[in-house]
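Engineer: Sequence first, predicted model second:
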Amino acid sequence: MTDNGVAISSSMPSLWIDADPSGLYQTGLDCDDDLAILIAIALHQRQVLNLKGLSICGGNAPLKHTYNNANTLWKYINGYEQTGIQHPIKGYGWNSMQVGVKLLQYYNMIFPDADDSDDAAMTILQAADEQHNAKMPMILSLGPPTNIAKAIQQQPSILNNNNIEHIYLMGGELTNQQLDLNFRSDRASARIVIDADIPKTIIPIQTCGQVVITDEWISSLNCDQQQHQDSSKNKKILAVCAYLSKMKQQIRLMPRFVNRAVKDRMVLEEEGTASSHYWVPSSNLDRGFIPWDIIALLAVSHPNEFDEWKYHRITFPNCSSGEPCDSTMKVLEDLPDDYFDNDNNDSVKKKRSWSGLSRYHTRYGMKQSY
């Protein structure tokens, strides 16, 4: 079977991506959403996954920038009509969130964000209603999970009909400290999604901190050389090269402003006990940037690259002051690896609710050093 010229296999996972790409705007804090989207498109064209569409939220930058960024990115792949992927759909922005960075809060006060749109939530619901070769769509959230939470609120029956196979969320923090930007920017929506009875995987700070992009990786793309080619020769230039300056900027800034805090969160010592959890940080944290959303995409497309994962029960504490409250989530308990497997005393698979539960990958296991 083909979809606008791209062959579709029944074994390919069907995926919808919700993101806040901002690598082409100075207001954007990073470009890993953009890189993850480009990789997802390449995996779609190589028949590794069936990318159904892309919805846009605010987060790394205001919605008015992330939405324009997404449409510009689409031009770099010579038109979505050739891929069979639905064009970017506008959703909710800073007006529906608790912006998680002071600098961005001030920016929004001076230059208010664009109006929200219900289009993304409605399109997500429509995609969830469509079956493709009996494969329900998975959703990958690369920004604040606002659009997904709004979809759940608008059609609660989506929880009862097994419309969504799995939700993957780039977000979360496992040591009860301040959350990542995605969850912190709309903790109320994160609570709605986590509390939903839908299978979920979070890709938290501790998983992402095991991988770093360095100057060596960027140099291997030969973007400097490509960008100096004579455009009259109509030579193709890698789409990722449009983000060269932002990637170099992140390599300079992130080790100082982000990565130090990430490294401190890679060990959790349990109070009053001698036990601890330990996640192996990348040895390059002091000289590169963490490709958060690329790791989240790989959790969907290449799960075998992760050595192990666990289930856990989590909550987002309420407080009288309102969101974002204390900007934390609490890991209440780790659950057995076979939590959703057959019960020892019952031949029928036990049905347990996913409400308040998630799983996370504890180790990124590629044998190459990053």
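Structural biologist: The structure has been received and is ready for your questions. No experiment lies behind these values; they were computed from the predicted model shown. Numbers count the residues shown, from 1 in each chain.
Engineer: Tell me the secondary structure at Thr328.
Structural biologist: coil (DSSP: H, G, I helix; E, B strand; the rest coil).
Engineer: what pLDDT does it get?
Structural biologist: Per-residue confidence (pLDDT) for Thr328: 92.
Engineer: so who does it touch?
Structural biologist: Contacts for Thr328 were tallied using Cβ atoms under 8 Å, 6 or more residues apart in numbering; they are 173, 176-179, 316-317. For the C-beta atoms, the positions are set from N, CA and C on the backbone; glycine is no exception.
Engineer: ok, now Asp34?
Structural biologist: Neighbours of Asp34 in contact, by Cβ under 8 Å, 6+ apart: 21-24, 69, 73, 243.
Engineer: re the thing from before, let's have the contacts of Thr328 in CSV, adding neighbour count, pLDDT and secondary structure.
Structural biologist: Output for the contacts of Thr328, formatted as CSV (neighbours: other Cβ atoms under 10 Å; pLDDT from 0 to 100; DSSP: H, G, I helix; E, B strand; the rest coil):
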residue, neighbour count, pLDDT, secondary structure
Glu173, 22, 94, coil
Asn176, 14, 89, coil
Gln177, 14, 91, coil
Gln178, 18, 92, coil
Leu179, 23, 94, coil
Phe316, 23, 93, coil
Pro317, 12, 88, coil
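Engineer: so which of the residues you listed comes closest to Pro204?
Structural biologist: Using Cβ to Cβ, the shortest approach to Pro204 within those belongs to Glu173, at 5.7 Å.
Engineer: I'd say the closest one and Leu179 touch.
Structural biologist: Yes - with contact defined as Cβ atoms under 8 Å, Glu173 reaches Leu179; the gap is 5.0 Å.
Engineer: Now do the strands in the stretch 101-250 of the chain.
Structural biologist: Applying DSSP state E, counting those that start in this stretch to the stretch 101-250 of the chain gives strands spanning 138-141, 166-170, 200-203, 213-214.
Engineer: Those into JSON lines, with extra columns for mean pLDDT and distance to Ala114?
Structural biologist: Formatted as JSON lines, these follow (pLDDT from 0 to 100; distance: least, Cβ to Cβ, whole Å):
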{"stretch": "strand 138-141", "mean pLDDT": "96", "distance to Ala114": "20"}
{"stretch": "strand 166-170", "mean pLDDT": "96", "distance to Ala114": "23"}
{"stretch": "strand 200-203", "mean pLDDT": "96", "distance to Ala114": "28"}
{"stretch": "strand 213-214", "mean pLDDT": "96", "distance to Ala114": "30"}
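Engineer: Now do the buried residues in stretch 301-318.
Structural biologist: 301, 306, 309-314, 316 (16 or more other Cβ atoms under 10 Å).
Engineer: that older thread, turn the strands of the stretch 101-250 of the chain into CSV, columns for mean neighbour count and distance to Leu15.
Structural biologist: Formatted as CSV, those follow (neighbours: other Cβ atoms under 10 Å; distance: least, Cβ to Cβ, whole Å):
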stretch, mean neighbour count, distance to Leu15
strand 138-141, 27, 5
strand 166-170, 24, 9
strand 200-203, 26, 13
strand 213-214, 18, 23
